[in-house]
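Chemist: compute the structure for the input listed below.
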Amino acid sequence: MFCRIAASGGTSPDNGVVWRGRECFAVLNAYPYASGHLLVLPVRHVGELDGLSTTESAELWQGTRGAATTVRRAYDPDGMNIGINLGRAAGAGVPGHLHVHIVPRWSGDTNFMTSVGDVRVMPEPLEKAWHRLAGEWPPD
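Modeler: Below you'll find the predicted structure:
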């Protein structure tokens, strides 16, 4: 899935990619926990942190920092969850291709709906989220 997105071309609301570096990119989560939920991941298919090259590792963190700045500028959340789930037992939905989640959070948000009702509340269409985020990505 992520490899197909990585090969899909430049940044676009069609593929959800909001930023591309040389080694990594940021894409909207297709099943977001909140509006603006981004994933930052290496272009290369790699499942573990120790499988990253030095340049991939550095750019992954640069992309994560850029994503956090972008989410803050575009959504002004009260906080953020930033994390990586490595392996299926840790909750990785795509265990073979590591990715960092950047999830904006607000006091009183409805993030609990996934675990309580097996539903997600998405107040904003993905295309609108893409335009908000792509317009706020900080320059390198």
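Chemist: buried ones in stretch 18-36?
Modeler: Under the neighbour-count criterion of 16 or more other Cβ atoms under 10 Å, stretch 18-36 has 18-21, 23-29, 32-36 buried. Using the backbone N, CA and C atoms, a C-beta is placed for each residue, glycine as well.
Chemist: so which of those residues are in strands?
Modeler: 18-20, 24-28 (DSSP state E).
Chemist: list just the nearest of those residues to residue 48.
Modeler: When these are compared for distance to residue 48 (Cβ to Cβ), residue 24 wins out at 15.3 Å.
Chemist: hmm, the closest one is touching residue 57, no?
Modeler: No - with the criterion set as Cβ atoms under 8 Å, residue 24 and residue 57 do not qualify as a contacting pair; they are 9.4 Å apart.
Chemist: list the contacts of whatever helix or strand residue 59 lives in.
Modeler: When secondary structure is defined using DSSP states H and E, the element that contains residue 59 is helix 54-75. The contact list for helix 54-75 (Cβ atoms under 8 Å, 6 or more residues apart in numbering) reads 18-19, 21-26, 35-36, 38, 40-42, 44, 46, 49, 52, 77, 80, 82, 100, 102, 104, 132-133, 135-138, 140.
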